[in-house]
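Chemist: Quick one: sequence plus predicted model below, questions after.
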Amino acid sequence: AALPWVHGVAVMPDVHTGYGVTIGSVIAMKQAVSPSAAGVDLGCGMNAVKTNINLSDLPDDLGPIRRQLEAVTPVGFNAYDGTAPILRRESKLSARFDNLFGKFADLRADGIDERQGKALSQCGTLGGGNHFQELCVDTDNFVWLMLHSGSRNIGKELAERHIAKAKGLEWNSDLPDRNLAVFLHKDADGHVYPEWTDYLHDLYWAQDYAALSRQIMMASFKDVVRAALPQVTFEDEISCHHNYVSEETYDGRDLVITRKGAIAAHAGQLGVIPGSMGTGSFIVRGLGNESSYNSASHGAGRKMSRGKAKKVFTVEDLAAQTAGVECRKDAGVLDEIPGAYKDLNQVIAYESD
């Protein structure tokens, strides 16, 4: 907050340790942007869609649906052999995919051309960490489809290249933390710095990649549910980034808003705030609180690191804390145990205004 180009900082109730800035921060900058603040999973966020299916319509054993979902969506470091099969059946998604990758050659980061094949095959894949796909039920017993993912390796590669460039710039040489390095908009004569233009160009492409990737996964998810429950219909999807940059106006100033683990909560705007493997999630509607830069938390937030969770909890604990939930219960997801997360209901209560 003390840096000369920072207009203000808002901290969300799910805040926890991160690199350079805490996760759960909203940073408003004047004529500057920090690539480390946005992080490496550019455009990471949530998609959710309500169905007409009721809890009573679901089979007693959800295992087959989960296994089919796992079969159609690559997880972790895995990718498609080529591109997502759903693109051959969904013409609108295919057109958006072609349009996005038609701009790949225009990306500015050094050496990024060699990553195109991987970006193609990972678009529409889940990734690892806390990314998930979930079938859940709301308080009226209607079934929802929900997923959390980001820009995969291409977002990371773009971000890391720009972060490295920012750290080498003269005005970032005496920062208290080099992870706060920024690109400035203009020099003293009003000329736009090329690094500013290049970063925002690549950043917005990566955010579009992440949004499209989630829509591709959601289309495949719908196919899985439709095969199991042919009577299903779907409402409009809710989509929100929670690791991203946006240009907005506050206090009469044009500012660069970086939401690092935060969603936009403009008046009337729908968003998704997930909890953990054992707690469900919230669908929220923004109230437009400008003191938070129209923002809200992006989840429950971790209360312990992944390493600590693996030391504190056992696979037996994971099974106990996810009792009644159809999900993986092995050591590979132990760091995502519900006990590693804050109380989502308390987090929501803190931001009810």
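Modeler: Yes, it's here.
Chemist: residues contacting Met218?
Modeler: Asn47, Val49, Leu145, Leu147, Glu237 (Cβ atoms under 8 Å, 6 or more residues apart in numbering). For every residue, glycine as well, the C-beta is placed using N, CA and C.
Chemist: so what's the first one up against?
Modeler: This points to Asn47. Going by Cβ under 8 Å, 6+ apart, the list of residues near Asn47 reads Met146, Leu147, Arg214, Gln215, Met217, Met218, Glu237, Ile238, Ser239, Val272.
Chemist: Among these, which ones are in helices?
Modeler: Arg214, Gln215, Met217, Met218 (DSSP state H).
Chemist: where do the helices sit along the chain?
Modeler: Under DSSP H, the chain gives helices at 35-38, 63-72, 91-101, 116-122, 152-167, 194-228, 306-312, 315-321, 344-350.
Chemist: How far away from the center of its chain is stretch 89-109?
Modeler: Stretch 89-109 has its C-alpha centroid displaced from the chain centroid by 20 Å (Cα atoms, centre = their mean, to the nearest Å).
Chemist: Oh, that last question was meant for stretch 337-348, not what I typed.
Modeler: Distance, centroid of stretch 337-348 to centroid of chain: 18 Å (Cα atoms, centre = their mean).
Chemist: Next, the distance between the ends of it.
Modeler: One end of stretch 337-348 to the other measures 20 Å (Cα to Cα, to the nearest Å).
Chemist: Tell me which residues of that stretch come out buried.
Modeler: Within stretch 337-348, the residues that count as buried by 16 or more other Cβ atoms under 10 Å are Ile337, Pro338, Ala340, Tyr341, Lys342, Leu344, Val347, Ile348.
Chemist: Identify the residue nearest the third one in space, chain neighbours excluded?
Modeler: Yep, that's Ala340 we're talking about. For Ala340, ignoring the flanking residues on the chain, the nearest one in space by Cβ to Cβ, 6 or more residues apart in numbering is Ala309 at 4.0 Å.
Chemist: Determine which stretch of the helices of the chain is the most buried.
Modeler: helix 35-38 (a mean of 27; mean count of other Cβ atoms under 10 Å).
Chemist: Quick check: mean pLDDT of it?
Modeler: Averaging pLDDT along helix 35-38 yields 94.
Chemist: right, and the residue nearest to Ala340 touches Tyr341 too?
Modeler: No: using Cβ atoms under 8 Å, Ala309 makes no contact with Tyr341, being 9.3 Å away.
Chemist: Output the helices of the chain as a markdown table; include the columns distance to Asp14.
Modeler: As requested, the helices of the chain are exported to a markdown table (distance: least, Cβ to Cβ, whole Å):
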| stretch | distance to Asp14 |
| --- | --- |
| helix 35-38 | 17 |
| helix 63-72 | 27 |
| helix 91-101 | 30 |
| helix 116-122 | 27 |
| helix 152-167 | 21 |
| helix 194-228 | 20 |
| helix 306-312 | 16 |
| helix 315-321 | 19 |
| helix 344-350 | 5 |
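Chemist: Need the per-residue pLDDT for Val284.
Modeler: So Val284 comes in at 97 (pLDDT).
Chemist: Quick check, it in contact with Leu270.
Modeler: Yes: if you go by Cβ under 8 Å, Val284 and Leu270 touch, sitting 7.2 Å apart.
Chemist: and Met277, which of the helices of the chain is closest to it?
Modeler: Each of the helices of the chain was scored for nearness to Met277 using Cβ to Cβ, and the closest is helix 315-321 (7.7 Å).
Chemist: Report the distance from the closest one to the chain centre.
Modeler: 26 Å.
Chemist: Return the alpha-carbon coordinates of that helix using PDB.
Modeler: Output in PDB follows, covering the C-alpha atoms of helix 315-321 (Å, rounded to 0.1, in the frame of the first residue of the first chain):
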ATOM      1  CA  VAL A 315      -6.100 -40.300   4.500                       C
ATOM      2  CA  GLU A 316      -8.400 -41.600   7.200                       C
ATOM      3  CA  ASP A 317      -9.100 -37.900   8.200                       C
ATOM      4  CA  LEU A 318      -9.900 -37.100   4.600                       C
ATOM      5  CA  ALA A 319     -12.400 -40.000   4.400                       C
ATOM      6  CA  ALA A 320     -14.000 -38.900   7.600                       C
ATOM      7  CA  GLN A 321     -14.200 -35.200   6.600                       C
END
